[in-house]
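Colleague: how would this look folded up:
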Amino acid sequence: MSEDTEVTFNEYVSKEDAAVLGYARDAEKFYKYGPGVEGENNTYVGAELLLDDFFNDFFEALDARVDGGTQATAFRVADGETMMPFAALLQLPGSEKQATSGVPYDYDNNPWRGDKVGGMAGNIEWVAYEDPQRNTIVTMRYNEEPVRFRSECMPISEDSYFYTPTELKRCLATS
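Modeller: Sure thing, here's the model as predicted:
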């Protein structure tokens, strides 16, 4: 927040203590909202409801638009405690690695960081385009950066960030 204000907590918490507190908070959030433990999904399974809602509204709007409708988008606004499990469910960068049994989460063995995954103004967007052949293709951006959908989803070509709506409906359907 140093860019926004001159107020600091240095008088109350040293930088070293703040780093320890930040790490403890990340570990707590990792096991509560993030990828959690290998083979388990209890930290993010609840995000399937959000995925279903997001998925249905996005594809309803997309299908209507392709059929000549005027609606161009569908939005959801959420806080970090919703974004974290959603990112883990979608296996977004930094949220795809679970802790293994006997090897707890720490900064040295896992890229997950709460401030990156659930940071203020974080966002996940699915964007549809029409390619030169007039086919609809979809890409995802995570905090304004293009990212791939989870590994079960096949892009239109190797190393591409674009997918057909049919493929996303296949690989993201939760029920």
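Colleague: how close does the closest residue to V37 other than its chain neighbours get to E40?
Modeller: Excluding its sequence neighbours, the residue lying closest to V37 (CB to CB, 6 or more residues apart in numbering) is A99, at 5.3 Å. Heads up, the C-betas are built off the backbone N, CA and C, glycines and all. Using CB to CB, to the nearest Å, one gets 10 Å for the distance from A99 to E40.
Colleague: where does the residue nearest to V37 land on pLDDT?
Modeller: Here, the pLDDT recorded for A99 equals 97.
Colleague: between A99 and E40, who's got more neighbours?
Modeller: Taking neighbours as other CB atoms under 10 Å, A99 and E40 compare with A99 leading, 21 against 14.
Colleague: I'd guessed that one sits against Y105; true?
Modeller: Yes: with contacts counted by CB atoms under 8 Å, A99 reaches Y105, the gap being 4.5 Å.
Colleague: Common neighbours of those two, please.
Modeller: Residues touching both A99 and Y105 (CB atoms under 8 Å, 6 or more residues apart in numbering) are F30, Y31.
Colleague: Quick one: the strands in this protein, in order.
Modeller: Listed in chain order, the strands of the chain (DSSP state E) span 124-130, 136-142, 145-147, 162-163.
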